[in-house]
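Engineer: structure of the sequence below:
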Amino acid sequence: MKSPPWRSALLLSVVAFLGAAPAVPRSTRPIRGIEGLARAYDFILEARFDQVDAELRRACGPAPPEACDVLDATALWWRILLDPESHALDEEFSATVERAIESTETWTERAPDDAEAWFYNGGAYAARVQWRVLRNEKISAARDGKNIKAALERAIELDPTIEDAYFGVGMYKYYADVAPAAAKVLRFLLLLPGGDRKEGLEQMLRARSRGRLLQGEADYQLHVIYLWYERQTPRALQLLQSLHERYPANPLFIAQTAEIQDLYQHDVTASLATWRTLLAAAREQRANAPVLSEVQARLGIAKQLEVLHQTDDAIEMLQAVIALRPSAPYGSLPLAYLRLGEAYDRMGERAPAIEAYRAAAGVALSPDPHQIRAKTAERLRRAPDPRHAEAYRLSLEGWRRFEHNDLPSAAGLLQASLALNGSEPVARYRFGRVQQGRKDDAAALAQFEHAIRAARNCPPPILGNAYLEAARVLERLGRRPQAISYYRTATTLFGAASDTRAAANRALTRLER
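Structural biologist: Numbering: from 1, shown residues only. I've put the predicted structure just below:
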């Protein structure tokens, strides 16, 4: 996952109620229009933004207009979350959230003992604070965080049964405690109260289980906490999966799952499969914002294919992005051109690479989050090693011939590749697979062990397969102890594909029975 837009713990410490929709408290007095607000909130989390306005019009009347103002701002914030680098919605969001803050503050002045008024006031500030953090407005975000905490604590004081309000207070306490020393100094200067990590998390979980409308929002915010601070990546992924199951048309949850699998678990094959799932949903119109989703998915797929040394397929993905001429996500078109140039360079095709780099520079945006101009200038100045590029191309072509069961051609191409760059572990692994196909176990094992010795330069999924295939050869050769050792390594290798680990585990169970 990309780093969350609130890049410092200081900023997180003031986000007491990050982007949360105005959850309806479980009070002795029924909240007006709760059914309509719940429906509108579900539309927001489903990313069905074209229908939110109609749902809010139906909700308002029974529901207080101030609540609908806050939900209106919340919907815009979730639209921004789909493409956070874009500023296209900033002006509209700023005006909408200011209106929500003004209307809820007027309500608290008119009815200072109304817990519902203070609850929605906290929600209004919450809709703005996350945006201010995203745009790096540190001091303003800190002040908003203080207002959120004060409003929600006042709501709880007036009505302790407002369970959803505990989530915002809990988040403040949690982040105020985990913030680094530098952040705590600024918090002191702004006279912000301290925190309590344990109590804060308990309050968030309480609100998640007892609140009326906040579970989806709570799951989204808690996945960040479990990922960043609790170091429970599987739990973070479970929360995202739960959100995806409840709101399958929102592409945000599956895209962030793919990023976590890549950046935190280093599971290339799992990330690739998740991006492909998103691409299928976008192509079949099962994902809202289908063009944005398709572009995200194709860029993600291309990235993982490059890791797996399948540049020819990556080029097809990038060309498809360019054909769409996308305006969203922000900067995706110049990024696609840049990566296309890098892919051509890797294959030794310098002329189309230069053309792609120049195209990337020509459509680069400002601000430039991907540093397209600097990177294209550097790529244009320095061409890759032509021998290594040719070795890479021959290796990939040999692998494709192997996939089509053309063993003689595959062997010749891979031998030519290794003659140019004999230290390349992926080519060694591929040549070992060819030797397996030719029933030459001894030669295959030699190639797999070459790849294993070059582990530092071998992509983990391919290294895992090298251990697995070497173990299979060793088992056939009767070298059982070494086979078991290699199988064990394949089961524990960080970044190995889940299919590889599963196959190695089955083999160990059989051998150790």
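Engineer: so where's this structure shaky on pLDDT?
Structural biologist: Along the chain, segments meeting pLDDT under 70 span 1-31, 179-194, 213.
Engineer: in which helix or strand does the residue nearest the centre of the chain reside?
Structural biologist: By Cα atoms, centre = their mean, the chain has its centre lying nearest to Gln256, at 2.5 Å. Taking DSSP states H and E as the definition, Gln256 sits inside helix 251-263.
Engineer: name the next helix or strand downstream of that helix, please.
Structural biologist: Following helix 251-263 toward the C-terminus (DSSP H and E): helix 268-283.
Engineer: buried sites along the following helix or strand past that next one?
Structural biologist: Using DSSP H and E, the helix or strand that directly follows helix 268-283 along the chain is helix 290-307. For helix 290-307, a neighbour-count test (16 or more other Cβ atoms under 10 Å) marks 290, 292-307 as buried. In short, each C-beta sits where N, CA and C put it, glycine included.
Engineer: which residues of the stretch 101-250 of the chain fall in helices?
Structural biologist: 115-134, 138-158, 165-178, 181-189, 197-210, 215-228, 233-246 (DSSP state H, counting those that start in this stretch).
Engineer: any chance of these in JSON lines, plus mean neighbour count and distance to Trp275?
Structural biologist: What follows is the helices of the stretch 101-250 of the chain, written out as JSON lines (neighbours: other Cβ atoms under 10 Å; distance: least, Cβ to Cβ, whole Å):
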{"stretch": "helix 115-134", "mean neighbour count": "27", "distance to Trp275": "24"}
{"stretch": "helix 138-158", "mean neighbour count": "22", "distance to Trp275": "32"}
{"stretch": "helix 165-178", "mean neighbour count": "27", "distance to Trp275": "30"}
{"stretch": "helix 181-189", "mean neighbour count": "14", "distance to Trp275": "34"}
{"stretch": "helix 197-210", "mean neighbour count": "18", "distance to Trp275": "29"}
{"stretch": "helix 215-228", "mean neighbour count": "22", "distance to Trp275": "18"}
{"stretch": "helix 233-246", "mean neighbour count": "17", "distance to Trp275": "14"}
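Engineer: relative to Arg387, which of these is closest?
Structural biologist: helix 233-246 (40.0 Å; Cβ to Cβ).
Engineer: chain center to that closest one: distance?
Structural biologist: 12 Å (Cα atoms, centre = their mean, to the nearest Å).
Engineer: which strands and helices sit next to that helix?
Structural biologist: Contact partners of helix 233-246 among helices and strands, from 3 or more Cβ pairs under 8 Å, 6 or more residues apart in numbering; DSSP states H and E: helix 215-228, helix 251-263.
Engineer: contacts for stretch 382-402 next, please.
Structural biologist: Contacts to stretch 382-402, defined as Cβ atoms under 8 Å, 6 or more residues apart in numbering, come from residues 309-312, 345-348, 350, 407, 409-414, 416-418, 420-421, 424, 426-427, 430-431, 433-434, 437.
Engineer: ok, the spatially closest residue to Ala496 that is not a sequence neighbour to Gly145 distance?
Structural biologist: Counting by Cβ to Cβ, 6 or more residues apart in numbering, Gly464 is the residue found nearest to Ala496 once chain neighbours are left out, at 2.8 Å. To Gly145, Gly464 is 45 Å away according to Cβ to Cβ, to the nearest Å.
Engineer: hmm, back to that, what helices or strands is the helix holding Gln256 leaning on?
Structural biologist: helix 65-82, helix 215-228, helix 233-246, helix 268-283, helix 290-307.
Engineer: how about the ones you listed, which one is nearest Tyr357?
Structural biologist: The nearest among those, by Cβ to Cβ, is helix 290-307 at 16.2 Å.
Engineer: then the closest one to CSV, C-alphas only?
Structural biologist: The C-alpha trace of helix 290-307 is given here as CSV (Å, rounded to 0.1, in the frame of the first residue of the first chain):
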residue,chain,number,x,y,z
PRO,A,290,-14.3,1.4,-13.9
VAL,A,291,-11.8,3.3,-16.0
LEU,A,292,-9.8,4.5,-13.0
SER,A,293,-10.0,0.9,-11.7
GLU,A,294,-8.8,-0.6,-14.9
VAL,A,295,-5.9,1.8,-15.1
GLN,A,296,-4.9,1.1,-11.5
ALA,A,297,-5.1,-2.6,-12.1
ARG,A,298,-3.1,-2.6,-15.3
LEU,A,299,-0.3,-0.5,-13.8
GLY,A,300,-0.2,-2.9,-10.8
ILE,A,301,-0.2,-6.0,-13.0
ALA,A,302,2.6,-4.5,-15.1
LYS,A,303,4.7,-3.8,-12.1
GLN,A,304,4.4,-7.4,-10.8
LEU,A,305,5.0,-8.9,-14.2
GLU,A,306,8.3,-7.0,-14.4
VAL,A,307,9.4,-8.4,-11.0
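Engineer: tell me the angle of the helix or strand following that helix relative to helix 290-307?
Structural biologist: Heading C-terminal from helix 290-307, the first helix or strand you meet, by DSSP H and E, is helix 311-324. When axes from the mean of the first three to the mean of the last three Cα atoms, to 10 degrees is applied, the directions of helix 311-324 and helix 290-307 differ by 160 degrees.
Engineer: roughly how far is helix 311-324 from the heart of the chain?
Structural biologist: 21 Å.
Engineer: quick check, Leu279 in contact with Ala302.
Structural biologist: No: taking contacts as Cβ atoms under 8 Å, Leu279 lies outside contact range of Ala302: 10.9 Å.
Engineer: re the thing from before, can you name every helix or strand that whichever strand or helix holds the residue nearest to Ala496 contacts?
Structural biologist: Under the criterion of DSSP H and E, Gly464 resides in helix 460-476. Counting contacts by 3+ Cβ pairs under 8 Å, 6+ apart, helix 460-476 is packed against helix 268-283, helix 425-437, helix 441-453, helix 480-492, helix 498-512.
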